[in-house]
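> requesting a structural model of the entry that follows:
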Amino acid sequence: ETYRNPWGEMRFGKILEDLDALAGNIAFNHVEGNPLIVTAGVDRIRVRRRPDIGADQHLSGKVTWVGASSMEIRMKISATEDGSDEWLEAYFTFV
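All right, here's what the predicted structure looks like:
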């Protein structure tokens with residue numbers, strides 16, 4: 001119920017919150033030691049269609065670029081575990 005808005009559709013803010021948390025975990029696991037990392041920005045958010053609120057959603061991500069003090073992580077959501085039904089893509093930048 002925390003994902004359903006008053007109109008019966010998925011709450012986009014809750015989706016971004018979950019993507020940010022997963023991207024943060026991916027970034028944390030990519031660096032050595034005990035880093036302090038923060039989300040600097042979210043770019044190129046592409047929503048291809050409205051998701052089905054009754055279906056399980058699969059969130060995934062991977063590091064796509066690493067600089068001296070920042071990194072970019074591509075996040076996606078699909079309705080299938082193999083990623084063939086991707087409906088959202090976003091790029092998170094961490095510093």
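> so residue 84 is in contact with residue 78, correct?
Yes: applying Cβ atoms under 8 Å, one finds residue 84 in contact with residue 78, separated by 6.9 Å. Just so you know, the C-beta spots here come from the backbone N, C-alpha and C atoms, and that holds for glycine as well.
> those two - which one has more neighbours?
residue 78 (19 against 8; other Cβ atoms under 10 Å).
> who's that one bridged to?
residue 58, residue 86 (DSSP bridges).
> list the contacts for it?
57-58, 60, 84-87 (Cβ atoms under 8 Å, 6 or more residues apart in numbering).
> on the pLDDT front, check it for me.
As predicted, residue 78 sits at a pLDDT of 95.
> with the one 10 residues further on instead?
As predicted, residue 88 sits at a pLDDT of 96.
> from the contacts of residue 78, which two are the most distant?
The most widely separated members of the contacts of residue 78, counting by Cβ to Cβ, are 57 and 84 (13.6 Å).
> what's stretch 34-52 in contact with?
By Cβ under 8 Å, 6+ apart, stretch 34-52 touches 9-10, 16, 20, 23-24, 27-28, 31, 57, 70, 77, 79, 86-95.
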